[in-house]
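> I need the structure of the sequence given here:
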Amino acid sequence: MKALMLLYPKLLEEGKEQLYSRIEKNVELLQKFIGVDSLYVSMTSHFKDLFERFPDLCIINSIKENPVFGAYRGLRKLRGNDVLMVDGGISLSREEITKFLGGLHVKVGLIKKKWAGIALIKMRDLDYVIKSLERNFERSILDAFYTLKNTYSILTDFVQLEAQLQRDLKSA
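This is a model prediction of the structure:
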């Protein structure tokens, strides 16, 4: 299993130091669950100083400032693995991660009909998720998961989460 964190410029609105502090906590938690060599970040050039702070992360250049495109680029690189995809602006907890590990189907976290910033994508469904993202570059990540379910008939579990993830994901 691999973990993919999505970073895009809209996350910088709250302040870079606050964001990097949150990322640091998330990286520590993900390293415990997934392993040191399994953490990837899809990011734009706005985060070029990230490598100095987190040298253990494998960086994937997103090119565009769109989180959907960042997910697309990252998932293409991680083909052949189960992927835990996480929005860089959320605060992960041990409980949230354990809800997503395991299971047979794609799992997508929701908070009040919005993407909660976490999803588990099984290896067998990864190519279909990539195709769904291609169809939704101008939309949201949640729209891509609905495309996955409705167009490709991939079993997708939408899990309602607590509002503890501390961020209203308007753009994701």
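
> where does Q31 fall, phi/psi-wise?
phi -60, psi -30 (degrees, to the nearest 10).

> quick one: it and D37 touch, right?
No: with contact defined as Cβ atoms under 8 Å, Q31 and D37 do not form a contacting pair (9.4 Å). No exception for glycine: its C-beta is placed from N, CA and C like everyone else's.

> So for these two, which sits in the more crowded spot?
Ranked by neighbour count (other Cβ atoms under 10 Å), Q31 and D37 place Q31 first, with 16 against 9.

> Leaving out the residues flanking it, which one is nearest to the more buried one?
With sequence-adjacent residues excluded and distances taken as Cβ to Cβ, 6 or more residues apart in numbering, Q31 is closest to L39, at 6.6 Å.

> Hmm, the one you found is touching I60, no?
No: shown here, L39 and I60 do not form a contact pair, counting by Cβ under 8 Å, at 11.2 Å.

> which residues touch the helix or strand containing L110?
For L110, the element it lies in under DSSP states H and E is strand 106-111. For strand 106-111, the surrounding residues in contact (Cβ atoms under 8 Å, 6 or more residues apart in numbering) are 96, 99-100, 115-122, 125, 129, 142, 145, 148, 154-163, 165, 169.

> what's around the residue lying closest to L78 once chain neighbours are set aside, how many residues?
Nearest non-adjacent residue to L78, counting by Cβ to Cβ, 6+ apart: K2, 5.0 Å away. Here the count is done by other Cβ under 10 Å, and K2 has 22 residues near it.

> can you check R94 too?
By the other Cβ under 10 Å criterion, the neighbourhood of R94 contains 10 residues.

> With E65 instead?
Counted with other Cβ under 10 Å, E65 comes out at 13.

> Who are the contact partners of it?
Counted by Cβ under 8 Å, 6+ apart, E65 has contacts 8-10, 44, 46.

> Reformat those as a markdown table; add secondary structure.
Compiled in a markdown table, those are given as follows (DSSP: H, G, I helix; E, B strand; the rest coil):
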| residue | secondary structure |
| --- | --- |
| Y8 | coil |
| P9 | helix |
| K10 | helix |
| T44 | coil |
| H46 | helix |
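
> Drop anything exposed from these.
Neighbour counting by 16 or more other Cβ atoms under 10 Å classes 8, 10, 44, 46 among these as buried.

> And the third one, its phi and psi?
Per-residue torsions, T44: phi -100, psi 180 (degrees, to the nearest 10).

> how far away is the closest residue to it other than its chain neighbours from L155?
Sequence neighbours aside, S62 is the residue nearest to T44 in space, at 5.0 Å (criterion: Cβ to Cβ, 6+ apart). Separation of S62 from L155 (Cβ to Cβ, to the nearest Å): 28 Å.
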